[in-house]
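[1] Return a 3D structure for these sequence lines:
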Amino acid sequence: MPDLSIVIVSWNVRELLRQCLASVSTGRGDLEAEVIVVDSASSDGSAEMVMAEFPEALLLRKAENVGYARGSNLGIAQASGRHVLLLNPDTQVISNALPLMVEYLDTHQDVGALGPQLIYPDGRIQSSRRRFPTLATGFFESTWLQSVAPGPLLRRYYMRDIPDDAVSEVDWVTGACLMVRREAYEEAGLLDEGYFMYSEEMEWQRRIKDAGSKIAYYPAARVVHHEGKSSEQVVARRHVYFQRSKLRYFRQYHGRIAATVLRGALLANYTWQLGLEAAKGLVGHKRALRWQRVASYWQVLRTGLPPAGQRAERRASSHHRHTRQAGSSR
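    Predicted coordinates for the structure are as follows:
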């Protein structure tokens, strides 16, 4: 059994994917590792590049963009390692980060998942550890109100009360680089495919914690993350995916009423932003940018930001039960 199965879900970021795979090849050290690339119908030659330059990788070519959660599950289904690493294609592994992470899991049996310290290409530390959001957090985080949020609220959420260089137990780490022990995901189930992208790793780690494992932030391992290079290609859809995923999470863990109130606040937020950008555009201030934002916000409002329905949630619950049963029979 390999030490590590590395699953990379990629969409139209060929050059970044090439750098990522090269960094994995040099950074795996003495680990016995396998690499699984799930290509979500890329049109930029990503799949062909993988086949030509990294033939040792298992390539799963999909005919459509399957999203992060489903793509990750497809990769995990092919994984045979003791641990699985979900790795974004816009990352680069630094030095011996992967052996360090595997060693940490092997020597801390109570930890089910961990993330490294993420850094930007210029060396700045990227926020990557979190506590689970409260309903109040949901109203402020990643909206135009974030800048006026009460200081302690987001300080708690982003764990700014703990030094960046401190190994720490967390509620969850962002999914750009997330290593999970096989036993942990077999117990908790796979990612919820009701999430297309965003919040799925948070919900997954909540189930892993609920099943009895700890989540750790391990800054001795470092990984460069270029951040959002796939989703920035479709700005309006990125807003929709992010907010609908947020609403799905709050509906699952805070209830239908809380999610409905939050949905109303988010729609009001986008309505205000649309009006503000339109007004700035009419007076000629960065007009092209303003109308681009108006179009994006209008597309968001047209969707109505519906959270996933009960049918989808029942399918997800059934899927989690099935994966737990399948995992225990391995």
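[2] What's the separation between residue 130 and residue 100?
    Separation of residue 130 from residue 100 (C-beta to C-beta, to the nearest Å): 21 Å. Using the backbone N, CA and C atoms, a C-beta is placed for each residue, glycine as well.
[3] same thing with residue 9?
    Residue 9 is 23 Å from residue 100, by C-beta to C-beta.
[4] Please identify which of these two sits among more neighbours.
    For residue 9 versus residue 100, the count of surrounding residues by other C-beta atoms under 10 Å is larger for residue 9: 29 against 15.
[5] what's near enough to touch the residue lying closest to the more buried one once chain neighbours are set aside?
    Sequence neighbours aside, residue 71 is the residue nearest to residue 9 in space, at 3.6 Å (criterion: C-beta to C-beta, 6 or more residues apart in numbering). Residues counted as contacts of residue 71 (C-beta atoms under 8 Å, 6 or more residues apart in numbering) are 9, 38, 40, 62.
[6] how about a cut-off of 7 Å?
    9, 38, 40 (C-beta atoms under 7 Å, 6 or more residues apart in numbering).
[7] and these, which of them are in strands?
    9, 38, 40 (DSSP state E).
[8] I'd say the first one and residue 68 touch.
    Yes - A contact is recorded between residue 9 and residue 68 when judged using C-beta atoms under 7 Å, the distance being 5.6 Å.
[9] Where does the prediction get shaky in this protein?
    The chain contains residues with pLDDT under 70 at 228-236, 308-330.
[10] Have a look at it and report its longest strand.
    Secondary structure of the chain read by DSSP E shows that its longest strand is strand 214-225.
[11] any idea how far it is from the chain center?
    Distance of strand 214-225 from its chain centroid, counting by C-alpha atoms, centre = their mean, to the nearest Å, is 14 Å.
[12] quick check, residue 249 in a helix?
    Yes - assessed by DSSP: H, G, I helix; E, B strand; the rest coil, residue 249 belongs to a helix.
[13] what ranges do the strands span in the stretch 51-200 of the chain?
    For the stretch 51-200 of the chain, the strands defined by DSSP state E, counting those that start in this stretch occupy 58-62, 83-87, 91-93, 111-119, 125-126, 129-130, 168-170, 172-173, 177-181.
[14] between these, which gets nearest to residue 152?
    Nearest of these to residue 152, taken as C-beta to C-beta: strand 129-130 at 15.1 Å.
[15] who touches that closest one?
    For strand 129-130, contacts defined as C-beta under 7 Å, 6+ apart pick out 157, 158, 159, 170, 171, 172, 173, 217.
[16] quick one: which of those is nearest residue 187?
    Among the contacts of strand 129-130, and counting by C-beta to C-beta, the member closest to residue 187 is residue 172, at 16.6 Å.
[17] Verify the contact between residue 159 and residue 169 for me.
    No - Residue 159 lies out of contact with residue 169 (C-beta under 7 Å); the separation is 10.3 Å.
[18] and these two? which has more neighbours close in?
    Between residue 159 and residue 169, counted using other C-beta under 10 Å, the more crowded position is residue 159 (19 against 14).
[19] Show the subsequent helix or strand relative to the longest helix along the chain.
    Ranked by residue count and defined by DSSP state H, the top helix of the chain is helix 256-282. For helix 256-282, the following helix or strand on the C-terminal side (DSSP states H and E) is helix 287-303.
[20] Report the distance from that next one to the chain centre.
    Using C-alpha atoms, centre = their mean, the offset of helix 287-303 from its chain centre is 25 Å.
[21] residues in contact with that helix?
    With C-beta under 7 Å, 6+ apart, helix 287-303 has contacts from 235-236, 239-240, 267, 270-271, 273-274, 277-278, 280-281.
[22] What's the PyMOL line that selects buried ones from these?
    In PyMOL, this line selects whichever of the contacts of helix 287-303 come out buried by 16 or more other C-beta atoms under 10 Å:
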select buried, resi 236+239+240+267+270+273+274+277+280+281
